[in-house]
Structures are given as C-alpha cells and as structure tokens.
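Peer 1: I'll drop the sequence and a predicted model, then ask my questions.
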Amino acid sequence: MKPHKHPEHTDNIWLALEIGNSRLHWALFIDETLYSAWDTDHLPESVIQHLAECQTLNDLLENIFPQGEFLTNTLPLCPLLVASVVPSQTAIWQIYPNTRVITLDQVSLKGVYPTLGIDRALALWGAGKTWGFPMLVIDAGTALTFTAADANECLVGGAILPGLGLQFATLGQQTGQLPLVEMQNFPSLPARFALNTTEAIQSGVVYTILAGIKDFIEAWLQLFADGKIAIKGGDRTLLLNYLQALYPEITAPLIVEQNLIFWGICKIIMGDSKEGIK
Ligand SMILES: Nc1ncnc2c1ncn2[C@@H]1O[C@H](COP(=O)(O)OP(=O)(O)OP(=O)(O)O)[C@@H](O)[C@H]1O
Ligand SMILES: CC(C)(CO)[C@@H](O)C(=O)NCCC(=O)O
Ligand SMILES: [K+]
C-alpha cells in the first residue's frame, strides 16, 4: 500500500518509520488514524541525504518512493517519527529536519532493561494499549521474538531466536553442502520425516519454530490464564497458516496485527500531550 489517496485534513499529518533489520516499514497518519502503511527496502544513504533539501511532503515521498503514486495536493513537511533497531540507520535519518526518534524512555512500559529493542517495547505497548494487558507479542520478523507484560503494564520478559528467513539463510551460508532454501510460500506443511535435503531443512526449521511458538503460548497462558496474544512480522501469515493446520486450538485466539509498532508510537505521541504531535 502506498500513500496515493488524498487526505483532506492535513493539519495533523505525520509519518512513522520503523527501521527493521530487513527493511523499512512506513505509515502515514492523520491524527490517530492510520491512513496508509507500506514496506520498502532500506534506502541508499545518498537518497536519505536529499531529504534535508525537501520543501514539501510531496518532495519527501517522491524521493523515498521514486516509483510510487503520490499525493496530488501539496502538503507541508510533516514530522517523521522514527523507531529503529539499526543504530547506523537511525543516525542517517536525522538529516531530515523534522525527525523525532522514539527511544525506550518514552515508552511507559515498566520494568524494562536498558538494551530491550524499541520495536519489542513499542509493539507490546501498542498491543496492550489497544487490546489490554496481560499481553504477549510474537514478532515473526528477521528475529522471532516473544515479549510480554503483565496486567500492571510491567515487562514479564521474553525470548529472541533467529526468524524463519534467518534460519534458512544461516544453514545455506554457514555449511559446506546445504543449499540455500528460499523462503517461498510453501503451500502446505512440509513432510515431517523428509527424504531429501531441501525438505529436511524445511521440516527442521518449520516444525521446531511451530513447536516453539506453541510452547511459549502454553507457558504464557499458564502464567496468565486471561493473557492475550498478538502476532506481527513479515512471516506472520505463513506461520499462522501452518499453526492453524497443526494446532488449531492455540491459533484461534491470536490477534493478528502487522501495525503494532505504529499503534505503539501513536499511543505515545497522542497520549503524552492532548495537543498530539505538534
Ligand atoms: N516482501 C518481503 N521482503 C522481505 N521479507 C519478507 C517479505 N515478505 C515476507 N518477508 C519475511 O519477513 C521476514 C522479515 O520480517 P519483517 O519484515 O517483519 O522484519 P524486519 O524488517 O526485521 O522488521 P522487524 O525488525 O520489525 O522484525 C523475513 O523472514 C522474510 O521471510
Ligand atoms: C531482537 C530484535 C533484533 C528484533 O527486531 C530487536 O528487538 C533488538 O535488537 N533487540 C535488542 C535486544 C533485546 O531486545 O533484548
Ligand atoms: K548485530
């Protein structure tokens, strides 16, 4: 999705950028309404350097998305709210004059540790503030993470492991004779006991990730019988389809929402001051 429609009320327009390890995730908001969300590759530094010279939002979007469709009415430069887990990228984006970087101290989640990823904190905050706490967020991104908070909005903790794509890539890259298994949309679950190398890799990665997700969900519900669970990330649909086939009972209550981080940012900047972003 790209920002192609024409917002009428442009006073409180703002852009959110989540800098992930694999790609960039964008959202265009008007006040608290998410107008459009889309993903792009990471941008070359030369493109980002141009952003300092942009005079309008239209200029900005044309620089960022050379192939995109654009807003037709001319809009002023708006704030860019950045949440990043890639420090080298965070620095580059500050060249845009209206950048505000969201840091962990701005998330009211209690009990956090200093190196907790801002994406994990924001996704948990966005999910909990939208659907309620206790909340467990599963992020099926570059890394697969579990991040949870109790009814007092206090971090319970979580876990980090290589995501689906990273597991395939590591096996392909760090071994002498394993092929790189591409992340395709496997139409159905792989054979459990495989009789060729590619299927053996697919089986190993997929079934252990699914078993791991199931185990974390069960442990979470043991801890908080009323705990809620939300799932996001680039591999969410694939994993959900497999989970649905393998463990339908644990899949049913899952809240599927890709934009949790944007909701987290929105709650923070709208919640802090009644005046919103300005
Ligand atoms: N179009 C796509 N481009 C890149 N990765 C994709 C795409 N569609 C699905 N994926 C999958 O998404 C995963 C990465 O997820 P995501 O894009 O959420 O990660 P990310 O950019 O690191 O963001 P985050 O840091 O929030 O996890 C990869 O394992 C990949 O298989
Ligand atoms: C785990 C990732 C890579 C997930 O994007 C990110 O949240 C991160 O870099 N976290 C820092 C370590 C931590 O959250 O404990
Ligand atoms: K690193």
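Peer 2: Looks like it came in fine. All values derive from a computational prediction rather than experimental measurement. Numbering: from 1, shown residues only. Ligands and ions are numbered 1, 2, ... in the order given.

Peer 1: where does the stretch 101-250 of the chain have low pLDDT?
Peer 2: Within the stretch 101-250 of the chain, the stretches with pLDDT under 70 are 183, 185-186.

Peer 1: And the strands in it?
Peer 2: 135-140, 143-149, 155-162, 228-232 (DSSP state E, counting those that start in this stretch).

Peer 1: for these, which one sits closest to residue 213?
Peer 2: Residue 213 sits nearest to strand 135-140 of all these, at 6.4 Å, using CB to CB. No exception for glycine: its C-beta is placed from N, CA and C like everyone else's.

Peer 1: Quick one: residues contacting the residue in the chain that ligand 2 sits nearest to.
Peer 2: Using CB to the nearest ligand atom, the closest approach of the chain to ligand 2 is made by residue 117 at 1.9 Å. By CB atoms under 8 Å, 6 or more residues apart in numbering, the contact list for residue 117 reads 85, 145.

Peer 1: mind running it again at 6 Å?
Peer 2: Counting by CB atoms under 6 Å, 6 or more residues apart in numbering, residue 117 touches residue 85.

Peer 1: How much space separates it from residue 83?
Peer 2: Residue 117 sits 10 Å away from residue 83, going by CB to CB, to the nearest Å.

Peer 1: Quickly list what residue 38 is bridged to.
Peer 2: Counting by DSSP bridges, residue 38 forms beta bridges with residue 26.

Peer 1: Identify the residues contacting stretch 129-139?
Peer 2: 123-124, 127-128, 145-151, 153, 220, 224, 227-233, 255, 263, 267.

Peer 1: for residue 46, helix, strand, or coil?
Peer 2: Following DSSP: H, G, I helix; E, B strand; the rest coil, residue 46 is assigned to helix.

Peer 1: list the contacts for it?
Peer 2: So residue 46 contacts nothing (CB under 6 Å, 6+ apart).

Peer 1: Starting from ligand 1, give me the distance back to it.
Peer 2: 21 Å (CB to the nearest ligand atom, to the nearest Å).

Peer 1: Check that residue and give its pLDDT.
Peer 2: For residue 46, the model assigns a pLDDT of 85.

Peer 1: What count of nearby residues applies to residue 84?
Peer 2: 23 (other CB atoms under 10 Å).

Peer 1: Check the closest residue to it other than its chain neighbours and give its pLDDT.
Peer 2: The shortest distance from residue 84 to any non-neighbouring residue, by CB to CB, 6 or more residues apart in numbering, is to residue 19 (3.7 Å). Here, the pLDDT recorded for residue 19 equals 97.

Peer 1: Residue 19 and residue 87 touch, don't they?
Peer 2: No: with contacts counted by CB atoms under 6 Å, residue 19 stays clear of residue 87, the gap being 9.3 Å.

Peer 1: Return the residues of the chain in contact with ligand 2.
Peer 2: The chain comes close to ligand 2 at residues 21, 85, 115, 116, 117, 119, 120, 141, 143, 145, 160, as judged by CB under 6 Å from any ligand atom.

Peer 1: Give me the buried entries from these.
Peer 2: Buried subset of the residues of the chain next to ligand 2 (neighbour count, 16 or more other CB atoms under 10 Å): 21, 85, 116, 117, 119, 120, 141, 143, 145.
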